[in-house]
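Colleague: A structural model of the following input is requested.
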Amino acid sequence: MSRSEARVATDRPARYGKQLAAHLGRKVEADWSEETGRGRVVFGAGAATLVAEPGALLLTVEGAAESLPGLEDVVGRHLVRFGSRDELVVEWRRDSGEPGLVHRNDSEDGQVSGA
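Modeller: Now for the predicted structure:
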């Protein structure tokens, strides 16, 4: 099982965690706890954990190594789209040491880019 993590700086981590879990929960199993500020999203290829901390939303995706780019993309792309006003940046770091995807809203038309 491989793992990738991102720390997304934001003044509203619980709001974004809840919104991300609710949105992704339309297609896959997802939950969010207001009490703990934690959530989980279960995909066919792996899972994501969301943790609200003061000043940041911590994201973790876990799955087979070949699934990490897809998991990073789905979670990162949706979060950046929700947080376009706050200019959220999701920069993944894989436990293998290789760089993960980076998601940011780079354009004036609100398109999300990933590298």
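Colleague: okay, CA-based contacts and neighbour counts for the rest of this
Modeller: Fine.
Colleague: need the three-state assignment for residue 79.
Modeller: Per DSSP: H, G, I helix; E, B strand; the rest coil, the local secondary structure of residue 79 is helix.
Colleague: need the helices for the chain, in chain order.
Modeller: Counting by DSSP state H, the chain has helices at residues 13-24, 68-82.
Colleague: contacts for the first one, please.
Modeller: Counting contacts by CA atoms under 8 Å, 6 or more residues apart in numbering, the residues outside helix 13-24 that touch it are 30-32, 34, 37-41, 50-57, 75, 78-79, 82-83.
Colleague: quick one: the strands in this structure?
Modeller: Secondary structure of the chain (DSSP state E): strands located at 2-9, 29-33, 38-43, 46-53, 56-63, 89-94, 99-105, 112-114.
Colleague: other SSEs contacting the third one?
Modeller: The reference is to strand 38-43. Helices and strands touching strand 38-43, by 3 or more CA pairs under 8 Å, 6 or more residues apart in numbering; DSSP states H and E, are helix 13-24, strand 29-33, strand 46-53.
Colleague: now with 7 Å, please.
Modeller: Applying 3 or more CA pairs under 7 Å, 6 or more residues apart in numbering; DSSP states H and E, we find strand 38-43 packed against strand 29-33, strand 46-53.
Colleague: kindly report the same for the fifth one.
Modeller: With contacts defined as 3+ CA pairs under 7 Å, 6+ apart, strand 56-63 has these neighbours: strand 2-9, helix 13-24, strand 46-53.
Colleague: what bridges to residue 104?
Modeller: residue 89, residue 113 (DSSP bridges).
Colleague: thought residue 91 was touching it, still the case?
Modeller: No. Counting by CA atoms under 7 Å, residue 104 does not reach residue 91; the two are 8.6 Å apart.
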